[in-house]
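> Provided below are the primary sequence and the corresponding predicted coordinates.
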Amino acid sequence: MSSIPEPAEEVPLFELTQEQRDQMHRMLRTGNQVVIEKFKLRITGNDLVTLLGFNLLNDAVINFYMELLRERSELKREQGLPKVYTMNTFFLPQMRKFGYSGVRRWTRKVDLLSYDMIVVPVHRSAGHWCMSIIDLRQKTIQYYNPMGSPNNAVLNALEKYLCEESLDKRKQPFDKTGLTKQNMLDCPHQRNRYDSGVFSCMLAEFLTRDHAITFDQSHMLNFRKKMAVEIINGKILH
């Protein structure tokens, strides 16, 4: 059974102010110049260009956006947002290549299993992005592919990771009672070959604030502008 909340209100379009529009246009022309440095990550003008029109998002943009989502959960915890931890785009390839030993130290200072949600970006091929969400409150591991195809290998790898993380950090088996793994085939689907990164980031953005998934392909260009402004200013706008 899908754990996506029932559709709520329609997604309002993000309206750029003239100041935001001018700022974005300036930053997009800066080439290799660093636009913002935060979370020990750097975003250049060339990275921001991947958010334009029909471009594929790159690792730098997605990793920075994941950090913005994690930070938002910390800043707005008192408003009822879930406690969120986000992995970067290199986590899953590293784990699948080297096993748990390849990522064991990534959480050496983090009690990962105390979080409500763990967000894991998934890169398939040729710039195609998907998203996995581990919800420890509901004991679900969900895989979202904007192109619709399932990926049991990722679901199984993440389940195995939770088990090994629990044994390593807590010295006890992970309680898999009631755990479900779900390919979310009813998630919004892209209608082109270049918006998967935006879809995936927005799935994470909505789900990490427990919001219904109410967007579709028609929102993508608007979301690209919103993401660009959020990255430039180093904070999620809501």
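Everything's here; your move.
> just give the number of residues close to residue 103.
Using other C-beta atoms under 10 Å, residue 103 has 21 other residues around it. Yep, even glycine has a C-beta here, placed from its N, CA and C like the rest.
> so how far is residue 84 from it?
As judged by C-beta to C-beta, to the nearest Å, residue 103 and residue 84 stand 18 Å apart.
> could you do residue 38 as well?
17 Å.
> check the protein for its longest helix and report it.
In the chain, assigned by DSSP state H, the helix with the most residues is helix 59-75.
> give me the helices and strands touching the helix or strand just after that one, please.
Using DSSP states H and E, the helix or strand that follows helix 59-75 towards the C-terminus is strand 84-86. Secondary-structure packing of strand 84-86 (3 or more C-beta pairs under 8 Å, 6 or more residues apart in numbering; DSSP states H and E): helix 59-75, strand 117-123.
> neighbouring strands for strand 84-86, and are they parallel or not?
Strand pairing for strand 84-86, determined by DSSP bridges: strand 117-123 (parallel).
> so what touches the strand it pairs with?
The list of residues contacting strand 117-123 from outside it, by C-beta atoms under 8 Å, 6 or more residues apart in numbering, reads 59, 62-63, 66, 69-70, 82-89, 91-93, 112, 129-137, 143, 151, 154, 158, 200, 204, 207-208.
> how about stretch 70-86?
So stretch 70-86 is contacted by 39, 66-67, 69, 110, 112, 114-119, 137, 204, 208-210, 235-236 (C-beta under 8 Å, 6+ apart).
> got a quick PyMOL command for the buried subset of those residues?
To isolate the buried ones among the contacts of stretch 70-86 in PyMOL, judged by 16 or more other C-beta atoms under 10 Å, type:
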select buried, resi 66+67+69+112+115+116+117+118+119+204+208+209+236
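> got the buried residues for the longest helix of the chain?
Neighbour-count burial for helix 59-75 [16+ other C-beta under 10 Å]: 59-73.
> if you average the pLDDT over that helix, what comes out?
Averaged across helix 59-75, pLDDT comes to 96.
> can you check stretch 168-177 too?
Across stretch 168-177, pLDDT averages out at 94.
> which positions within that stretch qualify as buried?
residue 174.
> contacts for that stretch, please.
Residues from elsewhere that reach stretch 168-177 (C-beta under 8 Å, 6+ apart): 100, 104, 107, 111-113, 139, 159, 162-163, 165-167.
> looking at the helices and strands packed on strand 84-86, spot the one closest to residue 219.
Smallest distance to residue 219 across the helices and strands packed on strand 84-86 (C-beta to C-beta): 15.9 Å, for helix 59-75.
> fine by me, we can end here.
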